[in-house]
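K.L.:
using only what follows, build the 3D model:
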Amino acid sequence: MLEAVNLSKMYGKHNALINLNIKVDKGEVYCLLGQNGAGKTTTINLFLGLIEPSGGKALINGVEVGADKKTNQMIAYIPEVVQLYGNMNSIENLEFFSKLSGNQYTKNELKALLQKAGLKEGDLKKKLSNYSKGMRQKVGIAIALSKNAQVIFMDEPTSGLDPQATNEFTSICKELVKEKKSIFMATHDIFNAVNVGSKIGIMKEGQLIHSADTKNVSANELQELYLKTI
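P.N.:
Next up, the predicted model:
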């Protein structure tokens, strides 16, 4: 579903990303670890088509990003801080953003998507200004579901979430995997990466230094490897 082939990005003389090669299949969660400035967000932005690569290719379902606009229909993005309209409730927000992507849903269908993303019925008509970060993340997931995106990109999705909200988020990700959605996640959360991820990569100064299958590594082993890398 997702592939980087010698993907590189330079800003002037600075190498933000150097010859990145990764593959993510359907139903996999790829967690990318690294300090700020390691190249995680640059990688996501290249796949989203927000910036152009200096070299190599970013492919989604075999289609090169930037070469065909249909890649935009295959993907969704949930940033660290989900930008929503605080004066509108979750149903209104979801209706607005789903229409932007060309989809039309009934009110009951919108409610079902929000509940599938983990929101309780009693919260659906509350204004987003009263939502916690975890609840706003769930609206972001509902927006991705409404788009029927095959690949969902997430940037620091558990940052600032309490343990309960993190656990709820992890459960939702596992449900998405059952539906064969692919998830690409930039994160600092080592424990959650092992818990939810299928594959893990560790970046440093724009390069992928280590990759591992979560079946073969524990959280403690990953933490030790991460600390050695940075």
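K.L.:
mind listing what's buried along the helix of greatest length in the chain?
P.N.:
Secondary structure of the chain per DSSP state H: the longest helix is helix 163-178. Burial within helix 163-178, assessed by neighbour count using 16 or more other C-beta atoms under 10 Å, is assigned to 165-166, 168-170, 172-173, 176-177. Every C-beta, even on glycine, is put in place using the N, C-alpha and C of the backbone.
K.L.:
try stretch 14-23
P.N.:
For stretch 14-23, using 16+ other C-beta under 10 Å, the buried residues are 15-18, 20, 22.
K.L.:
same question, stretch 190-197
P.N.:
190, 192-197.
K.L.:
looking at those residues, which is nearest Glu3?
P.N.:
Closest to Glu3 out of the buried residues of stretch 190-197 is Gly197 (17.5 Å), distances taken as C-beta to C-beta.
K.L.:
if we can go back for a sec, tell me which two of the buried residues of stretch 14-23 sit farthest apart.
P.N.:
Asn15 and Ile22 (17.2 Å).
K.L.:
three-state assignment of the residue lying closest to Gly197 once chain neighbours are set aside?
P.N.:
Closest residue to Gly197 apart from its sequence neighbours, by C-beta to C-beta, 6 or more residues apart in numbering: Cys31 at 3.9 Å. At Cys31 the chain is in strand, as set by DSSP: H, G, I helix; E, B strand; the rest coil.
K.L.:
element containing the spatially most central residue of the chain?
P.N.:
For the chain, the residue nearest the mean C-alpha position is Met154 (1.9 Å; C-alpha atoms, centre = their mean). Take DSSP states H and E as the rule and Met154 turns out to sit in strand 151-155.
K.L.:
which helices and strands sit right next to that strand?
P.N.:
Contacting strand 151-155 under the criterion 3 or more C-beta pairs under 8 Å, 6 or more residues apart in numbering; DSSP states H and E are the following elements: helix 40-48, strand 75-78, strand 182-187.
K.L.:
for the residue lying closest to Ala165 once chain neighbours are set aside, grab the count of nearby residues.
P.N.:
Distance criterion C-beta to C-beta, 6+ apart; nearest residue to Ala165, sequence neighbours excluded, is Gly134 at 3.2 Å. If you count neighbours by other C-beta atoms under 10 Å, Gly134 ends up with 19.
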